[in-house]
Every structure is written in structure tokens, then in C-alpha cells.
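**Q** output the structure for:
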Amino acid sequence: MGAFMVIVVISMGILFLGGVNARMFFIIALLVVLAFGLIIATSEWRRERIFAYLDPWDEKHALGKGYQLSHALIAIGRGEIFGVGLGRSVEKLHWLPEAHTDFLLAVIGEEFGLVGLLLIAAVFFWLTRRIMLIGRQAIALDRVFAGLVAEGVAIWMGFQAFINMGVNLGALPTKGLTLPLMSFGGSAILMNLIAIAVVLRVDYENKLLMKGGHA
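**A** Okay, the predicted model is just below:
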């Protein structure tokens, strides 16, 4: 459901940036929200995950659906401002499940503290903004398709990073989404790198056109 949510948000974002009719956009958005609500309401284990997110320390959830979140919060809490030091995380030693993928940010928070988390957030903000500017530049050069592709990548990277950070911090329900370009994985990081390569090609062609060449 997490990956499906990212795909839907990318699609909706491209429709909005592409100038779709406002009334149609809001109708589609409403239907999407209702569909997600229905998916959660009709799935018992999804409802349990929502309840565990609301109170991960409850005895019913601490060793079940709330286990990952509670240990992620413990890891971030141990890091405090400056962290315990590189390689000195305790939670990654099989206490925190998926510490190398979905909950990598919690380990970073434990080892590098609040400073490390703020730095990661700032880097993803810069990356998303930079890719979005490349997309806007392409549209200004009358390369609408290339521009929307780049903006779609920006929405993808930014939204997925936002969800992953929110999950690790306990601000959003636990989802199985990796941190783009950072979490361990084969196909996920491969797709991230291909997307960045496409954006770099769009940027290259933008600069070529501005110099009077042909894309």
C-alpha cells in the first residue's frame, strides 16, 4: 500500500503541475482519499497498524505492530543532539527490525543525533527543489514532457523521503518504504539511480538549448 500511495501521489502531482482541470483534479483526489480510507477500514491488520502507531508503547502493541516504531524512537532518543558516534548504534544489533532499509534513518539518528537527522532532511529538501527547478526550466524551454518527467522524479524523491522520515519519527503510520538513495536494496536503489540519470539528461539538454544547440 505504501508503494501504491507513492505512485498515486506522483500521478496526482504530475496532473496538477500539467494543468489538469481543477474540478476534475479535486474529484479524482476525493475518490483517491475515499479509496485509501476504504482499504484501511476493510483490512484488520492495517487498522491494527494504525492503532499501534497511535500508541506504540501500549502492552498490546509494544511487542507486536508497534515493535519497530518503539525501537526506532528508542534509537533516536539515544542519539540526542550529537549522537553516540559512528558505528556505535545498539539498536541496529538485531533490536530494530529492518535497520538497514525502512528504519535506516533511526540508526542515523542514534549515531549522529538531531544534527544528522537535520542534515539528511536538508539534503533531501535541496535535492527535491533542484530537480523541480530543472523540470520548470525544461517547461520554460517548451519541453513539456521532459519537464513533467523531471518534476515527477522530484515528487517521488521528496514524498518518499518525507514518508520514510515521518515513519521513523513516529509522525506517520509504519509503511514499508525505503529512504531514497540511502537504504540498502537492489531494485529500489537501481530505480533511484536511473531516475536521477534521466533528470541529469534533462538538465544537460536544457543547458544545450540555452547555448543555442539542439537537444
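**Q** in this structure, which spans are helices?
**A** In the chain, the helices defined using DSSP state H lie at 2-17, 22-41, 44-54, 67-79, 104-140, 144-168, 187-210.
**Q** and Asp55, how far is that from Gly64?
**A** Per C-beta to C-beta, to the nearest Å, Asp55 is found 12 Å from Gly64. Placement of C-beta: from N, CA and C, glycine included.
**Q** by contact count, what packs against the helix-or-strand element of the chain with minimal mean pLDDT?
**A** Ranking every helix and strand in the chain by mean pLDDT, DSSP states H and E puts helix 44-54 at the bottom, with a mean of 77. Under the contact criterion of 3 or more C-beta pairs under 8 Å, 6 or more residues apart in numbering; DSSP states H and E, helix 44-54 touches helix 22-41.
**Q** show the average pLDDT along the helix it packs on.
**A** Averaged over helix 22-41, pLDDT sits at 88.
**Q** can you give the contact residues for that helix?
**A** For helix 22-41, contacts defined as C-beta atoms under 8 Å, 6 or more residues apart in numbering pick out 1, 5, 8, 12, 15-16, 46-47, 50.
**Q** with just CA atoms, put that helix into CSV.
**A** The C-alpha coordinates for helix 22-41 follow below in CSV (Å, rounded to 0.1, in the frame of the first residue of the first chain):
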residue,chain,number,x,y,z
ALA,A,22,-9.3,21.9,-11.2
ARG,A,23,-12.7,20.4,-10.8
MET,A,24,-11.6,17.1,-12.3
PHE,A,25,-8.4,17.1,-10.1
PHE,A,26,-10.4,17.6,-6.9
ILE,A,27,-12.9,14.9,-7.8
ILE,A,28,-10.0,12.4,-8.5
ALA,A,29,-8.3,13.4,-5.2
LEU,A,30,-11.5,12.8,-3.3
LEU,A,31,-12.0,9.4,-4.8
VAL,A,32,-8.4,8.5,-4.0
VAL,A,33,-8.8,9.6,-0.4
LEU,A,34,-12.0,7.6,-0.1
ALA,A,35,-10.3,4.5,-1.7
PHE,A,36,-7.5,4.6,0.8
GLY,A,37,-9.9,5.0,3.7
LEU,A,38,-11.9,2.0,2.4
ILE,A,39,-8.7,-0.1,2.0
ILE,A,40,-7.7,0.6,5.6
ALA,A,41,-11.3,0.1,7.0
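**Q** tell me what angle that helix forms with helix 2-17.
**A** Put simply, helix 22-41 runs at 170 degrees to helix 2-17, going by axes from the mean of the first three to the mean of the last three C-alpha atoms, to 10 degrees.
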